[in-house]
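J.: What shape does this take:
(one chain, ligands or ions: 2)
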Amino acid sequence: MNLSIALYIHIPFCATKCYYCDFNTYAFRKDQVEAYIDALAVEMDLYASGCPPLRTIFFGGGTPSILSAQSLDRLFTDLHAHFRMCPDAEFTVECNPGTVDRDKLQVMRAAGVNRLSFGVQAMDNATLCQIGRIHKVSEVIRSYELAREAGFGNINLDLIFALPDQTVGQWKHSLQKIVALHPEHISTYNLTLEEGTAFYEWWESGKLRLASDELEAEMYEMAIDMLTDAGYVHYEISNFARPNHFAEHNLVYWNNEPYIGLGAGACGYVDGLRYTNIRGIPDYINCLRRRQKPIMSSERLAGRAEKAETIILGLWKRKGVCHESYQRRFGEPIAAEFGAPLEKWIGFQMLEWRDDDLRLTDQGLMLANEVFMDFLPI
Ligand SMILES: C[S@@+](CC[C@H](N)C(=O)[O-])C[C@H]1O[C@@H](n2cnc3c(N)ncnc32)[C@H](O)[C@@H]1O
Ligand code: SF4
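T.: Ligands and ions are numbered 1, 2, ... in the order given. This next block holds a predicted model:
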């Protein structure tokens with residue numbers, strides 16, 4: 001029985017598609033938005049009965065901030081009509097630089113949004129253009145200032161590194177510019193080449209040069225050094241925060257705890273069932289017009305698969321997997337299922353015990369994916 005739960009709501013609209021992105025997003029169509037919000041309200045209704053209060057809420061995308069102030073207002077009104085919130089709930093909205101204005105920010109504040117996450121990606125216009133972003137550095141700064149003026153005291157900025165043709169100098173410049181803004185939270189993601197993206201197509205046809213593993217590692221180490229020197233706590237593989245500003249919503253994922261996912265293509269994890277919603281917007285809307293949950297696929301995690309997920313997600317945190325929580329959840333120590341990989345990776349000094357937590361060592365961070373492979377179900 002959960003006393004509180006997390007909620008993710010997906011807004012699958014973007015102005016254009018960035019060259020690297022494979023998230024479930026479509027070109028913004030004003031005529032589709034109202035029907036989509038109607039559908040979300042029905043989906044909320046299907047999950048609301050008996051739902052414990054919300055501990056964290058995350059509106060992600062896509063680009064939630066592409067919606068008008070009126071649409072955002074409707075969406076938040078529906079949310080409050082269906083769900084109760086914990087008094088100190090973390091409430092995040094993902095925003096693209098250049099898509100927020102005073103009205104939208106005011107609507108968010110009034111609805112209880114207390115955290116914003118901006119997809120900055122880079123702080124030089126040449127790189128932004130090369131990766132298909134439509135904003136400029138000046139818009140990052142303007143949107144950030146507007147958010148501060150509106151009273152937001154908890155802001156995350158996303159960056160991507162190891163981008164094609166990105167130099168170490170450009171990456172250092174982006175980090176310096178971001179630190180100078182003093183956000184509470186910074187996410188730095190290494191580029192993942194995803195099938196179905198423009199980057200993937202160009203790479204297959206030999207037109208795109210990816211960063212070498214060495215360059216990627218150098219950029220990652222540079223981020224760790226610069227951000228920790230600037231007072232940020234490196235608390236997850238890709239995430240840095242001022243003390244007391246860790247992303248509570250993401251911690252739910254990394255702790256493999258339940259969350260409701262609503263919206264086209266959203267994923268959720270409720271009562272041990274991991275589910276993924278229908279991805280296409282028209283099909284999603286039609287399903288909810290029939291008042292049916294728009295679930296496309298689901299899987300009940302149990303046994304080794306559930307244990308492996310708990311370990312791998314937990315190892316993403318620098319603190320690692322809390323052994324006591326693991327034993328409480330599964331009724332056995334980690335070694336009962338994973339004795340061999342534990343011995344191997346502790347022997348190679350890629351994993352270590354610190355107090356009661358199993359965590360990646362500093363060198364283990366660089367080889368995290370290889371370590372994780374050994375925990376996957378056979
Ligand atoms: C789902 S996106 C939504 C954010 C928002 N729409 C934006 O782009 O401003 C969240 C973040 O994921 C990261 N991201 C998306 N695709 C990525 C990829 N292929 N490799 C690395 N990071 C990626 C970006 O940093 C992005 O800000
Ligand atoms: S990175 Fe953000 S803005 Fe770009 S396509 Fe993906 S979700 Fe949309």
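
J.: Look at the closest residue to Gly261 other than its chain neighbours and give its secondary structure.
T.: Closest residue to Gly261 apart from its sequence neighbours, by CB to CB, 6 or more residues apart in numbering: Gly268 at 3.2 Å. Where C-beta positions appear, they are placed from N, C-alpha and C, glycine not excepted. Three states are possible here, and by DSSP: H, G, I helix; E, B strand; the rest coil the one that applies to Gly268 is strand.

J.: pretty sure Gly268 is in contact with Tyr259, am I right?
T.: Yes. With contacts counted by CB atoms under 8 Å, Gly268 reaches Tyr259, the gap being 6.1 Å.

J.: Need the residues touching each of these two.
T.: Between them, Gly268 and Tyr259 share the neighbouring residues Tyr8, with contact defined by CB atoms under 8 Å, 6 or more residues apart in numbering.

J.: who's more crowded, those two?
T.: For the pair Gly268 and Tyr259, the greater number of neighbours falls to Gly268 (23 against 20), based on other CB atoms under 10 Å.

J.: Now do that one against Tyr275, distance only.
T.: In this structure, Gly268 lies at 5 Å from Tyr275, with CB to CB, to the nearest Å as the measure.

J.: So for the two, which residues contact both of them?
T.: Residues touching both Gly268 and Tyr275 (CB under 8 Å, 6+ apart): Gly261.

J.: which bits of the chain sit near ligand 2?
T.: Remark: the part of the chain in contact with ligand 2 comprises 14, 17-18, 21, 23, 25, 61-63, 96, 119, using CB under 6 Å from any ligand atom.

J.: switch the cut-off to 8 Å
T.: Within the chain, the positions adjacent to ligand 2 are 14-18, 20-21, 23, 25, 61-63, 94, 96, 119, 121, 132-133 by CB under 8 Å from any ligand atom.

J.: Using ChimeraX, make a named selection holding only the buried ones among these.
T.: Applying 16 or more other CB atoms under 10 Å to the residues of the chain next to ligand 2, the buried members can be selected in ChimeraX as follows:
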select :14,18,20,21,23,25,61,62,63,94,96,119,121,132,133
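
J.: List the ones among the residues of the chain next to ligand 2 that fall in strands.
T.: With strands defined by DSSP state E, the entries of the residues of the chain next to ligand 2 inside them are 14, 61, 94, 119, 121.

J.: which SS class is whichever residue of the stretch 251-378 of the chain sits closest to ligand 2?
T.: Nearest residue of the stretch 251-378 of the chain to ligand 2: Gly265, at 11.4 Å (CB to the nearest ligand atom). The local conformation at Gly265, judged by three-state DSSP, is coil.

J.: Pull out the buried residues from stretch 267-281.
T.: Residues of stretch 267-281 classed as buried by neighbour count (16+ other CB under 10 Å): 267-270, 274-279, 281.
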